[in-house]
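S.K.: would you be able to build a 3D model of this:
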Amino acid sequence: MDWNLIKLIFLCFAVLIGISSFLLHCYEKYLPIFIKKSIRHGKYAEKTRHNIAEKFEVPKRSSDSNEASYVLLLCLYELAPLSITALVLCVHKYFFSGNLPEAVYEVLDLLLNSTRKSLGILKLFSWFYNYNLHLTPLDTMIAITLITVQCCKRLYEACYVSVYSEAKMSVSLYIVGFIHYFGTITCIIGESYGFIKGSEYPFHWNELNSIHIIFSICFLLASYEQLRTNFILASLRKNKKGEVVTKSYKIPSGRLFEYVTAPLQLTEIIMYSSLNIILRQSSSFCYIFIWVLANQIETALSSHLWYKKTFKNYPNCRKVLVPFLL
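M.R.: Residues are numbered from 1 along each chain as shown. The predicted structure follows:
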């Protein structure tokens with residue numbers, strides 16, 4: 001049996017975030033400080049000092065004394081060049097019938113196994129849907145283009161929009177973030193025609209359908225809304241001249257903040273839901289979506305509880321993640 005490391009890694013991530021979320025919200029006072037400092041970061045980070053845990057923490061922003069931490073932060077979003085490289089490879093393969101480097105096949109074989117059959121859950125409904133053995137070039141091109149837009153946007157936000165606090169976060173969270181983007185990009189191209197030895201399938205624009213169009217628009221709108229949300233958060237720490245005057249937390253308002261505490265997490269879920277539907281024939285991408293769903297729900301819940309606890313005047317009508325419902 002061929003092992004699929006992508007499935008295994010992201011399934012483990014989802015299970016771990018589920019277990020840690022349960023323990024943090026139900027048995028937090030019994031957990032070791034080291035565990036809490038390794039999981040929580042930002043505004044709801046564990047404040048208790050721990051000498052060992054603090055050796056594995058880095059600032060979320062640059063400083064004169066630790067410029068290397070800023071470089072480490074950007075490593076999360078420097079996967080934009082990786083996504084651009086993957087996009088270039090797709091264009092090279094599908095539009096110019098070019099050959100891929102042997103190293104690409106070797107890495108994909110290692111992470112996704114050598115057969116990489118992309119049947120997903122649709123195998124159960126083969127009587128209803130005429131699935132292909134692998135992802136079509138059109139599916140792949142749309143998905144890799146969308147994730148490249150998102151990676152580039154996140155890099156722009158990290159460099160020019162976000163105003164980071166003085167808080168630190170565990171190096172383990174950086175590693176998880178790196179694995180997330182690397183795994184997402186790998187998963188998109190890994191089960192596609194042309195990226196599996198011996199598989200060929202011509203690119204056809206006439207395969208474009210309403211699913212591609214609708215969920216690509218959903219993805220882009222959610223990505224734009226995420227950008228607007230980050231502008232709102234950054235403005236809370238700036239004056240009218242755009243100068244940073246504080247690093248403290250305030251109650252945000254405007255746009256989706258009028259309805260939910262966690263618009264960043266809501267838009268992230270929408271984006272990956274859209275990708276999951278576009279890549280509905282993938283047998284691996286659904287594992288990334290499950291991980292994203294579990295992680296974003298936990299982050300949204302922790303953020304909501306922190307705001308309610310910290311600000312007595314926090315709007316009671318504001319939901320956690322889903323407007324008017326949850």
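
S.K.: and the gap between the residue nearest to residue 276 when sequence neighbours are not counted and residue 203?
M.R.: Nearest residue to residue 276 in three dimensions, chain neighbours excluded: residue 289, at 4.3 Å (C-beta to C-beta, 6 or more residues apart in numbering). C-beta here means a position set from N, CA and C on the backbone, and glycine is covered the same way. Residue 289 sits at a distance of 25 Å from residue 203 (criterion: C-beta to C-beta, to the nearest Å).

S.K.: between those two, which is the more surrounded one?
M.R.: residue 289 (21 against 18; other C-beta atoms under 10 Å).

S.K.: for the more buried one, give me its contacts.
M.R.: 272, 273, 275, 276 (C-beta atoms under 8 Å, 6 or more residues apart in numbering).

S.K.: so, low pLDDT: which residues of the stretch 101-250 of the chain?
M.R.: 115-133, 165-170 (pLDDT under 70).

S.K.: 50 - rerun?
M.R.: 119-132 (pLDDT under 50).

S.K.: mind putting the contacts of residue 289 in TSV, distance to residue 193, neighbour count and pLDDT included?
M.R.: Below are those laid out as TSV (distance: C-beta to C-beta, whole Å; neighbours: other C-beta atoms under 10 Å; pLDDT from 0 to 100):
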residue	distance to residue 193	neighbour count	pLDDT
272	23	23	96
273	24	17	96
275	18	27	96
276	19	20	94
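
S.K.: tell me which two of the residues you listed sit farthest apart.
M.R.: Farthest pair in the contacts of residue 289 (C-beta to C-beta) is 273 and 275. Separation: 7.4 Å.

S.K.: what about residue 320, how many residues nearby?
M.R.: As a measure of burial, residue 320 has 20 neighbours, counting by other C-beta under 10 Å.

S.K.: just checking, residue 303 touches residue 263?
M.R.: No - assessed by C-beta atoms under 8 Å, residue 303 is found out of contact with residue 263, at 10.4 Å.

S.K.: quick one: the helices in the stretch 1-150 of the chain?
M.R.: 5-26, 33-39, 51-54, 67-75, 79-96, 102-112, 137-156 (DSSP state H, counting those that start in this stretch).

S.K.: which one, of the ones you listed, ends up nearest to residue 309?
M.R.: Here helix 5-26 is closest among those (C-beta to C-beta), at 12.6 Å.

S.K.: so for that closest one, what's the average pLDDT?
M.R.: Averaged across helix 5-26, the pLDDT comes to 87.

S.K.: let me know the angle separating it from helix 102-112.
M.R.: 50 degrees (axes from the mean of the first three to the mean of the last three C-alpha atoms, to 10 degrees).

S.K.: which of residue 303 and residue 263 has more neighbours?
M.R.: residue 263 (26 against 19).

S.K.: right, and that one touches residue 230 too?
M.R.: No - between residue 263 and residue 230 there is no contact, the gap being 9.7 Å when judged by C-beta under 8 Å.

S.K.: show the contacting residues for the nearest residue to residue 135 once chain neighbours are set aside.
M.R.: Using C-beta to C-beta, 6+ apart and skipping the chain neighbours, the partner closest in space to residue 135 is residue 192 (4.3 Å). Contacts here follow C-beta under 8 Å, 6+ apart; on that basis residue 192 touches 90, 118, 134, 135, 136, 137, 139, 140.

S.K.: with neighbour count and distance to residue 110 added, can I get those in CSV?
M.R.: As requested, the contacts of residue 192 are exported to CSV (neighbours: other C-beta atoms under 10 Å; distance: C-beta to C-beta, whole Å):
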residue, neighbour count, distance to residue 110
90, 24, 20
118, 26, 17
134, 24, 18
135, 32, 19
136, 19, 24
137, 22, 23
139, 24, 23
140, 29, 19
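
S.K.: where along the stretch 201-326 of the chain do the helices fall?
M.R.: 210-235, 263-278, 285-310.

S.K.: packing partners of the second one?
M.R.: With contacts defined as 3 or more C-beta pairs under 8 Å, 6 or more residues apart in numbering; DSSP states H and E, helix 263-278 has these neighbours: helix 137-156, helix 210-235, helix 285-310.

S.K.: angle of the first one against helix 263-278?
M.R.: Okay, so that is helix 137-156. 160 degrees.

S.K.: verify the stated contact: residue 21 with residue 299.
M.R.: No - in this structure, residue 21 is not within contact of residue 299 by C-beta under 8 Å, at 9.4 Å.

S.K.: tell me how many other residues crowd residue 27.
M.R.: 9.

S.K.: and it, how far from residue 203?
M.R.: Distance from residue 27 to residue 203, by C-beta to C-beta: 53 Å.

S.K.: which residues are in contact with residue 308?
M.R.: Counted by C-beta under 8 Å, 6+ apart, residue 308 has contacts residue 314.

S.K.: quick one: contacts for the spatially closest residue to residue 268 that is not a sequence neighbour?
M.R.: Computed as C-beta to C-beta, 6+ apart, the closest residue to residue 268 that is not its neighbour in sequence is residue 296, at 5.2 Å. By C-beta under 8 Å, 6+ apart, the residues touching residue 296 are 262, 265, 266, 268, 269, 321.
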